[in-house]
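>>> Quick one, structure for this:
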Amino acid sequence: MSHTPRFRPVVSSTLLVMTLVAGVTACGGSDGHPLAAKPYDATDEISANVPAGDEKADPDKPLEVNVEDDDGRITDVTATDTTGRHLAGELDADGRRWRSTSPLAAGTRYTVQVSMEDGDGDPGGRTLSFETDSVRAKKLLKVEFGPQPGTYGVGQPITAQLSAPVKDKASRATVERALTVRSKPAVTGSWYWVDDKTLHYRPKDYWPAGATIQVTSGLEGIKVSDNLYGAPAKALKLTTGDRIEAITNAAAHTMTVKRNGKVINTIPVTTGKPGFATRNGVKVVLSKEYSVRMRGETIGISQDSSDGYDLMVYYATRVTWSGEYVHAAPWSTGSQGYANVSHGCTGMSTSLAEWFFNTVHTGDIVQVVGSQGETMTPFDNGFGDWNLSWAKWQKGSALQKNDAPDRTETIQAARLRPEV
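This is a model prediction of the structure:
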């Protein structure tokens, strides 16, 4: 029996989800090509390591699909659970075995569609279904995403807080693969393990203005490590507003505020004086507080000292947990634009501070250059994530081939120590 020449699809052994063709039903046609024919029932030629009857599969074991025909080969495998999650897998180079590469979820049902072609090039298919055993007695790993739903500036990182520590790289990789961030417009981004229970996600560059961001977890039922399985998690949806950037040049005593790349204001300011220099680097607006009591004693300055202070400060935009703000400083208007006289904050006139307060939002960018101070740390004093280069940021991901980061920072408790 002769056949028209066969053109076999090239199948990568590193595909995340094998979707070379749509399901097991080939497209109909009248050109006589074998692959245009309706697939025959290949139940006797396709086997899988799934239990028979009501027995449930062990979620700790990978799914394997094999073709029994000596001359046949698998052309496609699509395995999906009841929540719509696809099971990642790879096909051997000879096309005779497909094996899942991501963990099976516990306590769920899978539908597996397998396509193959026999030695003559005729297409066959088989659909399998099975359930995995539940793990009710196991410890569950919960994930809580942040921030709260809403609209934020383009510098706002996504956070994922875990209920239990995840330490080894393989388990971290399992967690990362299950945490999905989708942005429209699309961006290139990555998770970073801040510590054993905390991850941050940011794009390579700032988020696009007017973006919609959706964060979901596919960890439910997935084995993370011995006796630790993923729990359901609440999805998160965010949007971004305009791209607002406030760049303070501490040496020139000016702040330039941009909206979507266009300068909308240039403000005379004062920043930290010697010994109290304002931190350089990129910070993200954490909150806005109409009034804040600022006392020197909270940062170790005696009230009896010449540097001591106890003031009510207005239109205060917080950029660090340790108390660095952009705020109204009517007592230093004579120095604004000329000298740095503050204890670390960025001060401006009351009217301009009110304008700034009403212009920026949580997640907007506040950057300082030209200061004699240290650079903003990445994680322990707010959101300094953007002070890591993209190359260094990627090293914090368990999915990268490079080594784990040499040093990770731990998010510390908020320290309310205003630095006027």
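>>> list the contacts for the nearest residue to D133 once chain neighbours are set aside?
Nearest in space to D133, with sequence neighbours left out and distances taken as CB to CB, 6 or more residues apart in numbering, is K56 at 4.3 Å. For glycine as for every other residue, the C-beta is placed from the backbone atoms N, C-alpha and C. With contact taken as CB atoms under 8 Å, 6 or more residues apart in numbering, K56 is in contact with 130-133.
>>> pLDDT wise, what is K56 at?
Looking at K56, its pLDDT reads 90.
>>> What of the one 5 residues further on?
For K61, the model assigns a pLDDT of 89.
>>> follow-up on the earlier one: which of the contacts of K56 fall in strands?
130-131 (DSSP state E).
>>> which one of the contacts of K56 has the most neighbours?
T132 (23 neighbours; other CB atoms under 10 Å).
>>> Would you mind giving the secondary structure of the nearest residue to it once chain neighbours are set aside?
Nearest residue to T132 in three dimensions, chain neighbours excluded: P59, at 4.3 Å (CB to CB, 6+ apart). At P59 the chain is in coil, as set by DSSP: H, G, I helix; E, B strand; the rest coil.
>>> My read is that P59 contacts V224, right?
No: taking contacts as CB atoms under 8 Å, P59 lies outside contact range of V224: 11.8 Å.
>>> For the chain, which segments count as helices?
Secondary structure of the chain by DSSP state H: the helices cover 169-178, 350-359, 390-394.
>>> Any chance of those in JSON lines with distance to E324, mean pLDDT and mean neighbour count as columns?
Below are these laid out as JSON lines (distance: least, CB to CB, whole Å; pLDDT from 0 to 100; neighbours: other CB atoms under 10 Å):
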{"stretch": "helix 169-178", "distance to E324": "32", "mean pLDDT": "96", "mean neighbour count": "19"}
{"stretch": "helix 350-359", "distance to E324": "14", "mean pLDDT": "98", "mean neighbour count": "17"}
{"stretch": "helix 390-394", "distance to E324": "23", "mean pLDDT": "97", "mean neighbour count": "15"}
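>>> Can you check which of those gets nearest to K258?
Between K258 and the helices of the chain, the tightest spacing by CB to CB is seen for helix 350-359, at 10.7 Å.
>>> ok, back up a step: can you tell me how far the residue nearest to D133 is from V154?
In this view, K56 and V154 are 47 Å apart by CB to CB, to the nearest Å.
>>> Which residues lie in contact with Y40 in this structure?
Listed by CB under 8 Å, 6+ apart, the contact partners of Y40 are 122-125.
>>> and it, what are its bridge partners?
Beta-bridge partners for Y40, by DSSP bridges, are G124.
>>> do the same with I244
R259.
>>> for stretch 70-88, what is the average pLDDT?
Averaging pLDDT along stretch 70-88 gives 90.
>>> Do me a favour and get the end-to-end distance for that stretch?
Stretch 70-88 has an end-to-end distance of 26 Å (CA to CA, to the nearest Å).
>>> So for that stretch, what gets flagged as buried?
Of the residues in stretch 70-88, 72-79, 81, 85, 87-88 count as buried by neighbour count, 16 or more other CB atoms under 10 Å.
>>> Just name the closest of the residues you listed to G107, please.
Out of the buried residues of stretch 70-88, the member with the shortest distance to G107 (by CB to CB) is D81, at 10.0 Å.
>>> Which neighbours in the sheet does the worst-scoring helix or strand of the chain on mean pLDDT have, and how are they oriented?
Using mean pLDDT, DSSP states H and E, strand 287-295 stands out as the lowest-scoring helix or strand of the chain, at a mean of 85. Taking DSSP bridges as the criterion, strand 287-295 pairs within the sheet with strand 310-318 (antiparallel).
>>> quick one: the partner strand to helix 350-359, angle?
Here strand 310-318 points in a direction 40 degrees away from that of helix 350-359 (axes from the mean of the first three to the mean of the last three CA atoms, to 10 degrees).
>>> give me the low-pLDDT residue ranges for the stretch 151-300 of the chain?
Regions of the stretch 151-300 of the chain meeting the criterion pLDDT under 70 cover residues 294-300.
>>> mind listing the strands for it?
Using DSSP state E, counting those that start in this stretch, the strands of the stretch 151-300 of the chain run over residues 158-162, 179-184, 189-195, 198-203, 212-217, 223-225, 228-230, 236-240, 244-249, 254-259, 262-268, 281-284, 287-295.
>>> Those into TSV, with extra columns for mean neighbour count and distance to W331?
As requested, the strands of the stretch 151-300 of the chain are exported to TSV (neighbours: other CB atoms under 10 Å; distance: least, CB to CB, whole Å):
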stretch	mean neighbour count	distance to W331
strand 158-162	20	37
strand 179-184	16	44
strand 189-195	21	38
strand 198-203	22	37
strand 212-217	18	41
strand 223-225	21	54
strand 228-230	22	54
strand 236-240	19	36
strand 244-249	21	19
strand 254-259	18	18
strand 262-268	14	15
strand 281-284	23	24
strand 287-295	15	12
